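Asks: This is the structure alone, sequence omitted:
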């Protein structure tokens, strides 16, 4: 349900997550250069780890408020990386033994996501050349 508190929580978390991601980008570029997308790899793995820890803690200690959950998960981790949510979705489908849906979601997201990126890139290049 939409509330202004939840919306502000997402915005605040998103600002923090975006700044953290930028910090990782700057630090990794200074340390290792930009020949490999190590920053993206780091935030995807770290974001997945943090979300996994949150899910485990929430299950053990109880759910935080909706505002805190959206601040952490949707806002901060969503801006830091959307890969963490993708990881959660895949694990949820696996734990529910929805293997067909898992395969469709996993393969479809990767193949169609990258395909959509290429399609948009080609379309823009074609229209602007």
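Replies: Yes, it's here. Source: prediction; values computed, not measured.

Asks: who's in contact with the closest residue to residue 25 other than its chain neighbours?
Replies: The shortest distance from residue 25 to any non-neighbouring residue, by Cβ to Cβ, 6 or more residues apart in numbering, is to residue 39 (4.5 Å). C-betas here are computed from N, CA, C, even on glycine. Applying Cβ atoms under 8 Å, 6 or more residues apart in numbering to residue 39 gives the contacts 21, 24-25, 27-29.

Asks: Buried ones among those residues?
Replies: Neighbour counting over the contacts of residue 39 (16 or more other Cβ atoms under 10 Å) leaves 21, 24-25, 28 as the buried ones.

Asks: In strands, which of those residues fall?
Replies: The strands, defined by DSSP state E, take in nothing from these.

Asks: May I see these arranged in TSV, with pLDDT as well?
Replies: As requested, the buried ones among the contacts of residue 39 are arranged in TSV below (pLDDT from 0 to 100):
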residue	pLDDT
21	95
24	95
25	93
28	95
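
Asks: just those now: which is nearest residue 73?
Replies: For these, the minimum distance to residue 73 (Cβ to Cβ) is 15.3 Å, reached by residue 21.

Asks: what's the spacing between the closest one and residue 44?
Replies: Separation of residue 21 from residue 44 (Cβ to Cβ, to the nearest Å) stands at 10 Å.

Asks: middle-most residue in the chain, spatially?
Replies: By Cα atoms, centre = their mean, the chain has its centre lying nearest to residue 82, at 1.4 Å.

Asks: packing partners for whichever strand or helix holds residue 31?
Replies: Assigned by DSSP states H and E, residue 31 falls within helix 4-32. Helices and strands touching helix 4-32, by 3 or more Cβ pairs under 8 Å, 6 or more residues apart in numbering; DSSP states H and E, are helix 38-61, helix 66-69, helix 78-80.

Asks: any idea how far it is from the chain center?
Replies: Distance of helix 4-32 from the chain centroid (Cα atoms, centre = their mean, to the nearest Å) equals 12 Å.

Asks: What are the buried residues along it?
Replies: In helix 4-32, counting by 16+ other Cβ under 10 Å, buried: 6, 9-10, 13-14, 16-17, 20-21, 24-25, 28.
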